[in-house]
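Novice: coordinates for the following, if possible.
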Amino acid sequence: MSDKDLIVCSEHMVDFFSGSGRVRKITKPPGFGLIPFVNSLPVLDLRNPDVASQCRQSIEFRAATPAEYLQRWLDANEIFSDDVRLESVIEWADGQVSFGISQPQYHGEPAAAREIDHYFMASGWTPIFDSSGHSIFFNYAWQLLAIDVESRNCYINGGLLLPFDVLLCRPDEALEQYFRLYPDI
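Specialist: Model (predicted):
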């Protein structure tokens with residue numbers, strides 16, 4: 001990699017600057033990262049078209065609002081002791097807006113699933129089952145969901161797990177119900 005390489009990811013354009021120890025990211029308009037939501041899809045019975053269709057629910061992702069994006073990074077700074085900084089607000093020629101952020105460049109080896117599970121559970125997070133296969137944890141004290149808790153977003157360095165780019169969000173009522181975060185009493 002050269003001193004300055006631009007990588008285009010799903011939600012950011014990423015610049016690596018070797019001398020700064022930081023990674024700079026610019027959101028790709030019109031989005032500000034991603035956030036999970038519960039999508040209800042009709043299940044059609046073609047043999048009985050007159051019968052009211054049922055719905056099935058799934059977790060999907062939509063573009064986050066600017067406030068949701070900034071809250072995600074504030075939570076990452078507080079919960080994971082990250083150092084994400086809002087560096088700039090960019091208005092493009094077409095009127096769209098992006099945020100420029102920076103965060104430390106993490107080094108290490110991608111963490112194994114068991115290392116990730118151990119770290120999160122030892123830190124007060126509860127694993128949440130999701131039939132779609134997303135790796136999800138919930139922290140009742142902070143009222144936060146951690147989604148996309150995968151090896152690509154968690155490195156091991158010096159025996160420590162370093163989470164970064166994990167999607168953090170405060171679940172709305174639909175997410176609370178979908179994951180059954182608060183079982184009926």
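Novice: any idea which residue is closest to the centre of the chain?
Specialist: Compute the mean C-alpha point of the chain, and by Cα atoms, centre = their mean the closest residue is Leu167, 1.6 Å away.
Novice: show me where the protein has strands.
Specialist: Applying DSSP state E to the chain gives strands spanning 4-8, 12-17, 22-27, 34-43, 54-63, 85-91, 97-104, 109-110, 126-128, 136-139, 144-147, 154-157, 160-163, 167-169.
Novice: and among the ones you listed, the most buried is which?
Specialist: Stretch with highest mean neighbour count among the strands of the chain: strand 144-147 (a mean of 23; mean count of other Cβ atoms under 10 Å). Placement of C-beta: from N, CA and C, glycine included.
Novice: same for it, what does it pack against?
Specialist: With contacts taken as 3 or more Cβ pairs under 8 Å, 6 or more residues apart in numbering; DSSP states H and E, strand 144-147 sits against strand 136-139, strand 167-169.
Novice: grab the nearest non-local neighbour of Ala76.
Specialist: Of all residues not flanking Ala76 in the chain, Asp82 sits nearest, at 4.4 Å (Cβ to Cβ, 6 or more residues apart in numbering).
Novice: an error on my part: the question was meant for Asn139.
Specialist: Trp125 (4.9 Å).
Novice: and the one you found, how far from Thr65?
Specialist: Separation of Trp125 from Thr65 (Cβ to Cβ, to the nearest Å): 25 Å.
Novice: neighbour count winner among these two?
Specialist: Trp125 (22 against 13; other Cβ atoms under 10 Å).
Novice: residues contacting that one?
Specialist: 137-139, 146 (Cβ atoms under 8 Å, 6 or more residues apart in numbering).
Novice: okay if I get the residues you listed as JSON lines plus pLDDT and distance to Phe37?
Specialist: Listed next are the contacts of Trp125 as JSON lines, based on pLDDT from 0 to 100; distance: Cβ to Cβ, whole Å:
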{"residue": "Phe137", "pLDDT": "97", "distance to Phe37": "18"}
{"residue": "Phe138", "pLDDT": "97", "distance to Phe37": "16"}
{"residue": "Asn139", "pLDDT": "97", "distance to Phe37": "19"}
{"residue": "Ala146", "pLDDT": "96", "distance to Phe37": "16"}
